[in-house]
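Peer 1: The sequence isn't on hand, but the structure is:
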């Protein structure tokens, strides 16, 4: 199987979908050159500037225009540049895109994809580092997915583009150059299908995006201590595959939830509730959580490292639920 | 320039203005009688803009509307029944009772939604225009917004993007000189919305919005330009609100003389007088129009009154096209 990095897998997905459906187009800042992450690199050469549209630095207009075009027959893929900047288009996302179909009684659909490059790393500082997926999980009307591998990135982005509803795809910046096997054949990953990334019997670690890799590293270390960790990646948060999470809990009876965003008001808190509701009788210990501290992401490397949860914290939480 | 509207179209425009006026007046009475929940923002006094704009459009052209949008929907040809039932919150409303006055939509006539957020349509418009360009049709989209909305950032982003793309968009600022309780003077630097067009290199036109024919002519020209691929126009149609910002607004902030002047400029009376002078309308015809409109509006009220409330559980429907999962 070919090996691609996460960014190239996303590029492949865009290319495949744009070839398949002439209504699909990309819009965003600096996407012709694919600056800064290279995901859209080379697309303009194949599809031309009409379908790979460099836009001015006008987040509200970029996202709003994508919506207007989606309501009237196109299938836009918006590159948010940095997910942090979605605040400048928050009305468009939260009030318009999420609500229009509902408020209009189902008359007008809004099939668009928002690609959200996000996450901590490389001292990008407080305006370029945040994990903001929890904001959108809290907005009814949006679907949210969050891949952790190149294959999942390709498959989820393709599903997002084909989905008749608005979908946000969270792409962790630190994963763009991570490599993995990607099938030669066109492969879709459905929204709402979790994936068990490592089988285990003692503890279930539910992790998203960068924290999947960190959890797998932790699982490797813990295996040497005789602890068997199962790592489950929900892959999509809305819709959420609660059945796969519950099945894992029935095998292990102990749960750690690992995410990068701040602890408070988070995705992990909501997942913990879902597991409690579905599987309370199966749990042998309180659910433990690994998440970022409740601070903006700081700049200086040691400060940033402090704010970055990793394998060590996951391993600590696993030991804690086994006590 | 397109030919001036002929007698038939003039009479249709007159009937449309009367229809909007009567609908709004009935909505007001029904709101006061407690039949309509929530808040409504009436467009009494602004019929010249609604009808002037929509008369220059085809059925397959698009309109992005505002919180004060009943008149736009009616003038675009939307169903009175669907609109009134929506104001009532009934299952038969155009949005099944999920939207209400501020979030009405009727896709069948290209009305892509009223909006509770000011200026929202100004950023949707370039995208609708892009869709028209990429689908290679000769449709146009009109984004309506108020003078207050022209002071939000997305207005500038939307006009800039539409101008860059030469998108088939007509921006129509319905300037009624009041942003809720704040006057145009207190909120709009430079005093002119149309003048802002110059910064984006597109035509900016100021028109008397209470003159339905002048408004029609300005929009017709902008629409022709847009259909020819020559890009957007920004029109500022100056009008007046004859009622409050929302129904029930005591308007204590508004000088009496200004309200009285607005009443004297009533666009419906003005257009009727124009047609009478041109001998296109007489008492008998005017009565016939009034009666026909009365019957249409009454039919809409009867329809709404007889319509069922939505089933409470229907609140869970229409969020997604496809969502088979539980949360």
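Peer 2: Yep, that arrived. Keep in mind that what you see is a predicted model, and the values were worked out from it rather than measured.

Peer 1: residues in contact with stretch A:41-50?
Peer 2: A:11, A:14-15, A:18, A:25-26, A:31-34, A:51-52, B:134 (C-beta atoms under 8 Å, 6 or more residues apart in numbering or on different chains). Backbone N, C-alpha and C define where each C-beta goes, glycine included.

Peer 1: buried sites along it?
Peer 2: By neighbour count with 16 or more other C-beta atoms under 10 Å in any protein chain shown, stretch A:41-50 contains the buried residues A:41, A:42, A:43, A:44, A:47.

Peer 1: Same check on stretch A:279-299?
Peer 2: A:279, A:282, A:283, A:287, A:288, A:289, A:290, A:291, A:292, A:297, A:298.

Peer 1: is it anywhere near chain B?
Peer 2: No. Applying C-beta under 8 Å from any C-beta of the partner chain, one finds stretch A:279-299 out of contact with chain B, separated by at least 14.6 Å.

Peer 1: For that stretch, the averaged confidence score.
Peer 2: Averaging pLDDT along stretch A:279-299 gives 98.

Peer 1: rewinding a little: tell me which of the buried residues of stretch A:41-50 fall in helices.
Peer 2: A:43, A:44, A:47 (DSSP state H).

Peer 1: Any chance of CSV for these, columns pLDDT?
Peer 2: Formatted as CSV, these follow (pLDDT from 0 to 100):
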residue, pLDDT
A:43, 98
A:44, 98
A:47, 98
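
Peer 1: Report all helices and strands that the helix ranked longest in chain B contacts.
Peer 2: Longest helix in chain B by number of residues, with DSSP H as the criterion: helix B:7-32. Here helix B:7-32 touches helix B:47-54, helix B:70-75, helix B:80-88, helix B:212-227, helix B:267-277, helix B:283-306, going by 3 or more C-beta pairs under 8 Å, 6 or more residues apart in numbering or on different chains; DSSP states H and E.

Peer 1: any idea of the mean pLDDT for the first one?
Peer 2: Over the span of helix B:47-54, the pLDDT mean works out to 98.

Peer 1: got the contact list for it?
Peer 2: So helix B:47-54 is contacted by B:13, B:16-17, B:20-21, B:43, B:63, B:71-72, B:74-77, B:142, B:144, B:170, B:172, B:174, B:208-216, B:218-219, B:237, B:239, B:267-268, B:270-271 (C-beta under 8 Å, 6+ apart).

Peer 1: are any of those residues buried, and which?
Peer 2: Taking 16+ other C-beta under 10 Å as the criterion, what is buried in those is B:13, B:16-17, B:20-21, B:43, B:63, B:71-72, B:74-76, B:142, B:144, B:170, B:172, B:174, B:208-213, B:215-216, B:218-219, B:237, B:239, B:267-268, B:270-271.

Peer 1: quick one: the nearest residue to residue A:240 once chain neighbours are set aside and chain B, what's the gap?
Peer 2: Closest residue to residue A:240 apart from its sequence neighbours, by C-beta to C-beta, 6 or more residues apart in numbering or on different chains: residue A:234 at 6.1 Å. Distance, residue A:234 to chain B, by C-beta to the nearest C-beta, to the nearest Å: 12 Å.

Peer 1: Got phi/psi on residue A:234?
Peer 2: Main-chain dihedrals, residue A:234, degrees, to the nearest 10: phi -60, psi -30.

Peer 1: Of all the residues in the longest helix of chain B, which ones are buried?
Peer 2: Buried, per 16+ other C-beta under 10 Å, within helix B:7-32: B:10-11, B:13-24, B:26-28, B:30-31.

Peer 1: follow-up on the earlier one: from the buried residues of stretch A:279-299, which land in strands?
Peer 2: Secondary structure assignment (DSSP state E) places A:288, A:289, A:290, A:291, A:292 from the buried residues of stretch A:279-299 within strands.

Peer 1: Just put those residues in TSV and tack on distance to residue A:60.
Peer 2: As requested, these are arranged in TSV below (distance: C-beta to C-beta, whole Å):
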residue	distance to residue A:60
A:288	40
A:289	34
A:290	35
A:291	30
A:292	28
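
Peer 1: Please identify which of those residues is nearest to chain B.
Peer 2: Minimum distance to chain B across these is 20.0 Å, recorded for residue A:289 (C-beta to the nearest C-beta).

Peer 1: I'd guessed that closest one sits against residue A:268; true?
Peer 2: Yes. Using C-beta atoms under 8 Å, residue A:289 is in contact with residue A:268, at 4.9 Å.

Peer 1: Between those two, which contacts overlap?
Peer 2: Counting by C-beta under 8 Å, 6+ apart, the contacts common to residue A:289 and residue A:268 are A:257, A:258, A:259.

Peer 1: quick one: which of the residues you listed sit in strands?
Peer 2: Members of the shared contacts of residue A:289 and residue A:268 lying in strands (criterion: DSSP E): A:257, A:258, A:259.

Peer 1: Can you get me a residue count around the first one?
Peer 2: Residue crowding around residue A:257 was assessed by other C-beta atoms under 10 Å in any protein chain shown; the count is 28.

Peer 1: next one: phi and psi at the nearest residue to it once chain neighbours are set aside?
Peer 2: Spatial nearest neighbour of residue A:257, excluding adjacent residues (C-beta to C-beta, 6+ apart): residue A:268 at 4.2 Å. Residue A:268 has phi and psi values of phi -60, psi -40 when expressed as degrees, to the nearest 10.

Peer 1: Now residue 167: closest residue in space, sequence neighbours ignored.
Peer 2: Since you didn't name a chain, this refers to chain A. Residue A:167's closest residue in space is residue A:160 (C-beta to C-beta, 6+ apart), at 3.8 Å.

Peer 1: hmm, I had chain B in mind actually
Peer 2: In space, residue B:167 is closest to residue B:129, 2.9 Å off (C-beta to C-beta, 6+ apart).

Peer 1: I'd assumed residue B:138 was in contact with that neighbour.
Peer 2: No. In this structure, residue B:129 is not within contact of residue B:138 by C-beta under 8 Å, at 11.8 Å.

Peer 1: who touches both of those two?
Peer 2: Joint contacts of residue B:129 and residue B:138 (C-beta under 8 Å, 6+ apart) are residue B:168.

Peer 1: Would you list the strands that the helix or strand containing residue A:230 pairs with, along with their directions?
Peer 2: Here residue A:230, judged by DSSP states H and E, is contained in strand A:229-233. Using DSSP bridges, strand A:229-233 pairs in its sheet with strand A:195-198 (antiparallel), strand A:203-207 (parallel).

Peer 1: where's residue 161, which helix or strand?
Peer 2: If you meant another chain, say so; for now it's chain A. Residue A:161 is part of helix A:150-162 when elements are defined by DSSP H and E.

Peer 1: wait, chain B
Peer 2: If you go by DSSP H and E, residue B:161 is part of helix B:153-165.

Peer 1: what comes up buried for that helix?
Peer 2: Here helix B:153-165 shows B:154, B:155, B:156, B:157, B:158, B:159, B:160, B:161, B:162, B:163, B:164, B:165 as buried, counting by 16+ other C-beta under 10 Å.

Peer 1: and the gap between the fifth one and chain A?
Peer 2: Between residue B:158 and chain A the distance is 5 Å, computed by C-beta to the nearest C-beta.

Peer 1: circling back to that earlier point, chain center to the following helix or strand past the helix holding residue B:161: distance?
Peer 2: Moving toward the C-terminus from helix B:153-165, the next helix or strand (DSSP H and E) is strand B:169-175. What separates the centre of strand B:169-175 from the centre of its chain is 10 Å, taken as C-alpha atoms, centre = their mean, to the nearest Å.

Peer 1: Who does whichever helix or strand comes after strand B:169-175 pair with, and is each partner parallel or antiparallel?
Peer 2: Following strand B:169-175 in sequence order, the next helix or strand is strand B:178-179 (DSSP H and E). According to DSSP bridges, the neighbouring strands of strand B:178-179, each with its direction, are strand B:182-183 (antiparallel).

Peer 1: Alright, I will stop here.
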